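In: Please work out how this folds:
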Amino acid sequence: MAQTLTPGLSEVSALLAVLDRQSYTKAADQLGLSPARVSELVRSLEERLGLRLVERTTRSVAATPAGERLRERLRPVLDDYQGAFDSLNDFRSRPAGTLRLTVPPGAANLILAPIIARFKAQYPEVTLDLSITRTYVDIVKERFDAGIRPGERVARDMIALRISDEVPMIAAASPTYLREHGTPRTPKELSGHSCLRFCMPTGAVVPWRFGRRGRMAEVEVNGPLIANEAGIGVAAAVHDAGVVQLPAVFLASELKAGSLVPVLADWDQPRVDAFHLYYPSRRHIRPPLKALVEFLRTDYRSNRTIPKATD
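Out: Numbering: from 1, shown residues only. Now for the predicted structure:
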């Protein structure tokens, strides 16, 4: 009788994790193994089949044509296999398992960080596996359970759940900076100040806008910093580098401590889109995701997720 070439589940899981995550290191994190062990499993599968399944370079990992065909055929099978075990969660008193989420930095800091302890206390057997990125991610293709992003426009086969209010912007600077450079009384006076600016994932610089009686206009500003992350701008403003304009929640602790103070507070400023949790509109969702959906829905209704800022 010929020896079977049927691979083991550990080899298949390692291959799919490497191809899904396009990284041996990320696949190892997902599987709870060492990168060396994941590489060994993939190499064993390739030797067993006599085919190269993964193209490896110093910078990237990608499927060969044979590897891509195998992934396309195996992914539904492995999903059904995992789904069979996930269905047993219906018999548990509490949801269990790992929940993979893709979230932007703002949502990670402002929505998830404050609720992790309470969520863990309520659902101790659920682990949140967060991928924090500013870029939009195809959660189905990248094997995420759900994502968070501002706005509610999502693909037709997705469900969007609002989990925050719109967030008002606030311009602020340190007391020392204002003593040394003066306090702007109108938006036009910002042209004479150092303004700390931010760029979107596209690379475009976020405009500064102010208004009166509901009419907003852009204001031309300049300064020593353009960054794609809010934290450096807040820290620079605290250290007297200039004026910053950000969603109020990014500045809440500094405003409360007095290390930053509002400027142009009597002028209208824009509001940032509310954050939404989005996930595939499947008839049956995994119990850990269902638990998170209900938790965030309740948390938002009780106004605990993102504290309201004073307009």
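
In: from here on, contacts and neighbour counts on C-alpha atoms
Out: Fine.

In: And the helices in the stretch 201-311 of the chain?
Out: Taking DSSP state H, counting those that start in this stretch as the test, the helices found in the stretch 201-311 of the chain are 230-238, 248-257, 287-301.

In: Give the other helices and strands that the last one contacts.
Out: Same thing as helix 287-301. strand 97-103, strand 158-162 (3 or more C-alpha pairs under 8 Å, 6 or more residues apart in numbering; DSSP states H and E).

In: Looking at those strands, spot the one closest to residue 254.
Out: strand 97-103 (23.9 Å; C-alpha to C-alpha).

In: Distance from whichever helix or strand comes after that closest one to the middle of the chain?
Out: Per DSSP states H and E, strand 97-103 leads on to helix 105-107 as the next helix or strand towards the C-terminus. The chain centroid and the centroid of helix 105-107 are separated by 6 Å, computed with C-alpha atoms, centre = their mean, to the nearest Å.

In: Could you do stretch 185-204 as well?
Out: Between the centre of stretch 185-204 and the centre of its chain there are 25 Å (C-alpha atoms, centre = their mean).

In: re earlier: most packed of the helices and strands packed on helix 287-301?
Out: strand 97-103 (a mean of 20; mean count of other C-alpha atoms under 10 Å).

In: Which residues does that strand contact?
Out: 125-134, 137, 139, 143-149, 288-289 (C-alpha atoms under 8 Å, 6 or more residues apart in numbering).

In: In strands only, show me these.
Out: Mapping those onto strands (DSSP state E) picks out 126-132, 146-149.

In: Name only those of those residues that count as buried.
Out: Buried by 16 or more other C-alpha atoms under 10 Å: 126-128, 130, 132, 146-149, out of those.

In: Pick out the residue nearest the middle of this protein.
Out: The centroid of the chain falls nearest to residue 103 when counting by C-alpha atoms, centre = their mean (1.1 Å).

In: returning to what we had before: of all the helices of the stretch 201-311 of the chain, which gets the most neighbours per residue?
Out: Comparing these by mean neighbour count (mean count of other C-alpha under 10 Å), helix 230-238 ranks first with a mean of 19.

In: what pLDDT, on average, does that one get?
Out: When pLDDT is averaged along helix 230-238, the result is 92.

In: Report the angle between that helix and helix 248-257.
Out: If you take axes from the mean of the first three to the mean of the last three C-alpha atoms, to 10 degrees, helix 230-238 sits at 30 degrees to helix 248-257.

In: Could you list every helix and strand in contact with helix 230-238?
Out: Counting contacts by 3+ C-alpha pairs under 8 Å, 6+ apart, helix 230-238 is packed against strand 167-173, strand 194-198, strand 243-247, helix 248-257.

In: rerun that using 10 Å as the cut-off
Out: If contacts are counted by 3 or more C-alpha pairs under 10 Å, 6 or more residues apart in numbering; DSSP states H and E, helix 230-238 sits against helix 105-107, strand 167-173, helix 175-181, strand 194-198, strand 222-227, strand 243-247, helix 248-257.

In: what's the angle from the last one to strand 167-173?
Out: Yep, that's helix 248-257 we're talking about. Orientation of helix 248-257 against strand 167-173 (the same axes, to 10 degrees) gives an angle of 40 degrees.

In: which residues sit against helix 248-257?
Out: Applying C-alpha atoms under 10 Å, 6 or more residues apart in numbering, the external contacts of helix 248-257 come out as 106, 109-110, 167-174, 230-231, 234-235, 237-238, 244-245, 258-262, 271-272, 306-311.
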